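Q: Fold the following, please.
(2 chains)
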Amino acid sequence: MATVTFDRATRAYTGGERPAVDALDLEVEDGEFLVLVGPSGCGKSTSLRMLAGLEPVDSGTIRIGSRDVSDVDPSNRDIAMVFQTYALYPHMTVAQNMGFALKIAGVAKHEIVTRVAEAAKVLDLTDYLERKPKALSGGQRQRVAMGRAIVRNPQVFCMDEPLSNLDAKLRVATRTQIASLQRRLAVTTLYVTHDQVEAMTMGDRVAVLKDGVLQQVDSPRAMYDRPENVFVAGFIGSPAMNLFEIEVAQDGSTHLGSFTLPLPRDAAEKLTSNRVTIGVRPEDLRLVADGEGIPATVELVEELGSDAFVHASVRGSEGAQLLEVRVDPREPPTKGSEVWLAPDPESVHWFDTASGLRLSG
Amino acid sequence: MSNTAKFLEMGYAILIFVAIVGVILFIANRFSGRKGDRAVASAFLAPTLIVLSVGLVYPGLRTVYESFFDAAGKAFIGLDNYSTIFTDSDEITVLRNTVVWVLITPFFATGIGLLYAILVDKARLESFAKALIFLPMAISFVGASIIWKFIYEYRPEQSGIKQIGLLNQVVVWLGGSPQQWLLNKPWNNVFLIVIMIWIQAGFAMTVLSAAIKAIPEDIVEAARLDGVKAWGMFRFVTVPSIRPALVVVLTTIGIATLKVFDIVRTVTGGQFGTSVVANEFYSQSFRADNQGLGAALAVLLFLLVIPIVLYNIRQLRASEGR
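A: The predicted model follows:
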């Protein structure tokens, strides 16, 4: 067990416009499950591969515990990785796949058998130990890949989108299994995904990356409640937060159509220009009585059973904008109807449009 | 025949060919539907089958038939020709040589090709390095043999006489005395085999290099994380992953080696105890006027090649079906 520290770790591909990973500072605690999330090309996989030793660290350092592993060969880092494609050895049986690292490490044969059997039991693979990967389903292969990692009992697990090749239903089930397995084993884990739902549901903490730059590291709750910038605000949460840019009037108030929102004082102090970006989550918008909020036209109603989401267009001073609102699924407004919406002022997120940074709220 | 007449003849041949293909296509076109598919298939297969039976099956059977007759092809002598192959000391040397060829060539050519493919994989100037070793493939066996004949060339060790063979010159530089590489039994066989290895290693390298490149990068990375070093990667990942390609290469070179003729014919003509089955079959049939023995050798060669061909085809199918 160990901590993992990225200390201004940078990876710049030759010919790239900007570093794939730019001075990443990140601390993963002992036994923690940390999820790296971001859109494709944000550098999350590269960061993981740098930790595993599959990508060089161009500047800065990566430490496992107190040991600097920046230039250590991957075979000597004591890291196990689960690949998106599983990367099972096609010519080996499930048991051989899982025991391969131990065999290379020179572990005694009977101990390999015992440890493989234990892992297989945990992962419900006992009946498949003598099969080749070709003869397994996608879910089973995924579990073999997990098994190969846990048999080694490494210091760190690296998981690179291990669920993205599974179908939706299996993905949700496996998500829970991996998270609970990790809690039980308490092995420090770095997990990469592009799916923010996976990130929120699995991670002890979540790190959001964009364009190779770390945006925010926080617990899922804190990330959701206090996104540090516009990008995180829009990326975390499903459905996404409603974001709109507006101008701040001379008196410090802002107008959403006919609706006025006062800019909080602490926000006003930090503001660098006269434009703010307002963020309101769909559940923080309410349907109110006519004339009390912002008028909007219902364009679409998404009924999910437990919830219903209304997509409504608002004609502001700067053209029409779509808002997403969570409404009571028992009595959603009908498509095409006029509704009046008002945000809960306490739950409004304020961002500086120029810098994208959080101002208040 | 004048040149004009020759060209005219060639023109007729092409016209006849075009006419036949036209007729086939016309007939094939008249049928349609499911029944038509069969008709189309047979319309295309029939000419091949006819040509095959005229050019391959009939001569094959005819050769088997002739192998039971004497040198002049007149008197039936049963299996005498076959017993000659396995009892006559010259013929036993031929068999021994062929066995040595088949045992050495495929393994060395494949081994060298594999080593080379791994060494140049992802190296700088990879394609240039590969072109260098692939070039011998582009030369005919006869051409390659002539090149090597010069390399093995011998001049007597006397003052005023210079070695013109590369190998002997190197030996002289190193302080040794020149050798008659192609005359000294049984090592002269090895020097012939080297030529075949030189030619076939390029083929092995090309096929194996492609197979190595087809190994998923993920698997190589997974192996590195599993603690595998260079040798382990070769043994546990590379070789098992390219096993089908390895088998195909080994057997393909094996078949080519069994049938080797040009090299022996060009370099020694099969003298000095270097003859192999294919060369002996040619010598007996067309030089020694012993049709029966020649036919028997041809049949033997055919029998030896068949199992390797079958195995090769099965492996090809297996690797495709993966």
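
Q: Give the lowest-confidence helix or strand of chain B, using mean pLDDT as the measure.
A: helix B:33-52 (a mean of 78; mean pLDDT, DSSP states H and E).

Q: Can you name the next helix or strand after that helix?
A: helix B:58-66 (DSSP states H and E).

Q: picking up where we left off before, buried ones in the least confident helix or strand of chain B, by neighbour count?
A: Residues B:40, B:43 are the ones in helix B:33-52 that count as buried (16 or more other C-beta atoms under 10 Å in any protein chain shown). To be clear about C-beta, it is placed using only N, CA and C from the backbone, and glycine gets the same treatment.

Q: okay, the angle between it and helix B:58-66?
A: 50 degrees (axes from the mean of the first three to the mean of the last three C-alpha atoms, to 10 degrees).

Q: Next up, the contacts around the closest residue to chain B within the stretch 101-250 of chain A.
A: Distances between the stretch 101-250 of chain A and chain B by C-beta to the nearest C-beta are smallest at A:A101, namely 3.9 Å. Applying C-beta atoms under 8 Å, 6 or more residues apart in numbering or on different chains to A:A101 gives the contacts A:80, A:148, A:151-152, B:225-227.

Q: which bits of chain B sit near chain A?
A: B:216, B:218-219, B:221-229, B:232, B:236-237, B:240-241, B:243 (C-beta under 8 Å from any C-beta of the partner chain).

Q: what's the least confident helix or strand of chain B in contact with?
A: When contacts are defined by C-beta under 8 Å, 6+ apart, helix B:33-52 is touched by residues B:20, B:24, B:27-28, B:31.

Q: Separate out the buried members of those residues.
A: B:A28.

Q: Sort out which one of the contacts of helix B:33-52 lies nearest chain A for me.
A: Using C-beta to the nearest C-beta, the contacts of helix B:33-52 come closest to chain A at B:A28, 40.1 Å.

Q: tell me which element residue 145 falls in.
A: Unless you meant another one, I'm taking chain A. helix A:138-151.

Q: I was thinking of chain B, sorry if that wasn't clear
A: Using DSSP H and E, B:S145 falls in helix B:141-151.

Q: tell me the contacts of the residue nearest to the spatial centre of chain B?
A: When C-alpha atoms, centre = their mean is applied to chain B, the residue found nearest the centroid is B:A256 (2.0 Å). With contact set as C-beta under 8 Å, 6+ apart, B:A256 has these partners: B:196, B:200.

Q: Do you know the pLDDT at A:E198?
A: What the model reports as pLDDT for A:E198 is 90.

Q: swap in A:L163?
A: 91.

Q: Verify the assumption that it is located in a helix.
A: No. When classified by DSSP: H, G, I helix; E, B strand; the rest coil, A:L163 is found to be coil rather than part of a helix.

Q: What residues does it make contact with?
A: A:142, A:171, A:174-175, A:178, A:193, A:195, A:198.

Q: quick one: it and B:L61, what's the gap?
A: 63 Å (C-beta to C-beta, to the nearest Å).

Q: B:I255 now?
A: For B:I255, the distance to B:L61 - C-beta to C-beta - is 22 Å.

Q: Could you do B:A72 as well?
A: Remark: distance between B:A72 and B:L61 (C-beta to C-beta) = 20 Å.

Q: now do B:L208
A: Distance check for B:L208 against B:L61: by C-beta to C-beta, it reads 38 Å.

Q: who has more neighbours, the two?
A: Taking other C-beta atoms under 10 Å in any protein chain shown, B:L208 and B:L61 do not tie; B:L208 has more neighbours (24 against 11).

Q: Assign a three-state SS to that one, would you?
A: helix.

Q: Read off the pLDDT value for the spatially closest residue to it that is not a sequence neighbour.
A: Among residues not flanking B:L208 along the chain, B:A117 sits closest, at 4.5 Å (C-beta to C-beta, 6 or more residues apart in numbering or on different chains). pLDDT for B:A117: 89.

Q: what about B:A117, how many residues close to it?
A: For B:A117, the count of nearby residues is 25 (other C-beta under 10 Å).

Q: what angle sits between the longest helix belonging to chain A and helix A:138-151?
A: Scanning chain A for the helix with the most residues, using DSSP state H, yields helix A:168-185. Orientation check (the same axes, to 10 degrees): helix A:168-185 against helix A:138-151 gives 10 degrees.

Q: Starting from the following helix or strand past helix A:168-185, tell me which strands it pairs with and how they run.
A: For helix A:168-185, the succeeding helix or strand toward the C-terminus, using DSSP H and E, is strand A:188-193. If you go by DSSP bridges, strand A:188-193 pairs up with strand A:33-37 (parallel), strand A:156-160 (parallel).

Q: which residues of the chain score low on pLDDT?
A: By default, I'm working from chain A. Low-confidence segments of chain A, defined by pLDDT under 70: A:1, A:257, A:316-319, A:361.

Q: To clarify, I was referring to chain B.
A: Short version for chain B, where the test is pLDDT under 70: B:1, B:31-36, B:319-322.

Q: How is it divided into domains?
A: Structural domains of chain B, as assigned by automatic domain parsing, span the residue ranges B:3-66, B:89-321.

Q: of all these, which lies closest to A:Q215?
A: Taking C-beta to C-beta, domain B:89-321 is the member of those nearest to A:Q215, at 27.5 Å.

Q: can you list the residues of the stretch 151-300 of chain A near chain B?
A: Selection of the stretch 151-300 of chain A residues close to chain B by C-beta under 8 Å from any C-beta yields A:R152.

Q: run the last query once more with 10 Å
A: Proximity of the stretch 151-300 of chain A to chain B is confined to A:152, A:154, A:158, A:160 under the rule C-beta under 10 Å from any C-beta of the partner chain.

Q: Three-state assignment for the second one, please.
A: Looking back up the chat, that one is A:P154. coil.

Q: pretty sure it is touching A:L102, no?
A: No. If you go by C-beta atoms under 10 Å, A:P154 and A:L102 don't touch, sitting 11.3 Å apart.

Q: so where do the helices sit in the stretch 151-300 of chain B?
A: B:166-173, B:187-213, B:217-225, B:230-232, B:239-241, B:243-258, B:262-267, B:277-282, B:291-321 (DSSP state H, counting those that start in this stretch).

Q: now what about the longest helix of chain A, what contacts it?
A: A:1, A:31-33, A:82, A:122-124, A:137-139, A:142-143, A:146, A:149-150, A:153, A:157, A:159, A:162-166, A:187-189, A:191, A:193, A:195, A:197-198, A:201-204 (C-beta atoms under 10 Å, 6 or more residues apart in numbering or on different chains).

Q: Now, of those, which are buried?
A: The buried subset of the contacts of helix A:168-185 (16+ other C-beta under 10 Å) comprises A:31-33, A:82, A:122-123, A:139, A:142-143, A:146, A:149-150, A:157, A:159, A:162-163, A:165-166, A:187-189, A:191, A:193, A:195, A:198, A:202-204.
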